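# A structural model of the following input is requested.
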Amino acid sequence: MAVTLLPFVAMLITALHEPGSPPTGLSLPTTAHWENFAAAFEATNFLQLAASSSFIVLGVVPAALLFSSLAGFALGYLRPKGRRAVYVAFLFGLTIPFESAVIPLYYQAAELGTLNTQWALILPLVGLAMPFGVFWMTGHFRSVPLELSEAARMDGASTLQLFRHIHLPLAVPALVTLGILLFLNTWNHFILAIVLIDDPAKRTMAGALGAFQGQYQTDIVLLCAAAILLMAPTLIIFLLLQRHFVKAVLAGAIKG
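Next up is the predicted model:
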């Protein structure tokens, strides 16, 4: 825990130094400059970027959860013919370096006319979330006892009713955990936001960090202050949903 928290402590200490001063590690400043957070708030145009990031997150996370749960249910429970080949294809997507898709995505967004819009981020991020999302949800649906489904089938439940009323409620911890991971990845996404969107007001929150990078120098103090502000929403979301996150982890450990 100490090793994990040390970079964040160093970031907070650096953010309290005088703006424009070089970083000094873990040495405390003589005067704490709390106004750096207000300056970073204004420089990043925090509220506008928060609205843009929220729009992108709301476009990516629900769609990715829906498609991942449907595909995971099909591969993990229905198990149609050819499921192994489909599952391996999704797993193969986990091995492809993300950076190799940036240039093709740029030209594809230009062809679709979504360049310099939030949809240039939403559509690729939904697709890029599928390999891990399907892998995650397939593992969950495979672990659901068959007796539950057989009892529902005996009562005349259809496949869709079986998914909605039996499997989906049981998948809430897995979906919440996957949703947290997708939220963190989308909210903090940087590369595609810089490449596909020229307007800083339409980027994600992480794209605002470029505001402190000049041609000859970077204001490390304000950069650290802005980074802490950008991390705050993700920490709040995790704290609110940590009960479901821990429940999913414990369920996997017990079943293992």
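
# could you say which helix or strand contains Leu28?
Applying DSSP states H and E as the criterion places Leu28 outside every helix and strand.

# ditto for Ser21
In this assignment (DSSP H and E), Ser21 forms part of neither any helix nor any strand.

# just the pLDDT at Ala208, thanks.
Ala208 carries a pLDDT value of 66.

# meant to ask about Pro124, not that
On the pLDDT scale, Pro124 gets 93.

# could you count how many residues lie near it?
Applying other C-beta atoms under 10 Å, we find 22 residues neighbouring Pro124. Heads up, the C-betas are built off the backbone N, CA and C, glycines and all.

# give me the three-state assignment for the nearest residue to it once chain neighbours are set aside.
Closest residue to Pro124 in three dimensions, ignoring its sequence neighbours and counting by C-beta to C-beta, 6 or more residues apart in numbering: Leu105, at 5.1 Å. At Leu105, secondary structure determined by DSSP: H, G, I helix; E, B strand; the rest coil is helix.

# test my guess that Leu105 contacts Leu125.
No - the pair Leu105 / Leu125 is not scored as a contact, 10.0 Å apart, by C-beta atoms under 8 Å.

# looking at those two, which is more packed in?
For Leu105 versus Leu125, neighbours defined as other C-beta under 10 Å are more numerous around Leu125 (23 against 20).

# contacts only, for the more buried one.
Contact criterion C-beta atoms under 8 Å, 6 or more residues apart in numbering gives 56, 60, 64, 185-186, 189, 192 as the residues in contact with Leu125.

# show me what secondary structure element comes after the strand or helix carrying it.
Under the assignment given by DSSP H and E, the secondary-structure element containing Leu125 is helix 119-142. Remark: after helix 119-142, the chain's next helix or strand is helix 146-154, criterion DSSP H and E.

# what pLDDT is listed against the spatially most central residue of the chain?
Averaging the C-alpha coordinates of the chain gives a centre point, and the residue nearest to it by C-alpha atoms, centre = their mean is Asn185 (2.4 Å). The confidence metric pLDDT takes the value 89 at Asn185.

# same check on Gln217?
Per the predicted model, pLDDT is 59 at Gln217.

# where does Pro80 land in three-state SS?
When the structure is reduced to helix, strand and coil (three-state DSSP), Pro80 reads as coil.

# which non-adjacent residue is nearest it?
In space, not counting the residues next to it along the chain, Pro80 is nearest to Ala74; the distance is 6.6 Å by C-beta to C-beta, 6+ apart.

# also Asn36?
Computed as C-beta to C-beta, 6+ apart, the closest residue to Asn36 that is not its neighbour in sequence is Ala225, at 4.3 Å.

# what does the model give the residue of the chain positioned farthest from its centre for pLDDT?
Taking C-alpha atoms, centre = their mean, the residue of the chain most remote from its mean C-alpha position is Met154, at 39.5 Å. Note for Met154: predicted pLDDT of 80.

# use 57 as the first number for this chain going forward.
Sure thing, new numbering starts at 57, so read that last one as Met210.

# returning to that earlier point: can you give me the neighbour number for the residue nearest to Pro136?
Other residues within reach of Ala130, judged by other C-beta under 10 Å, total 19.
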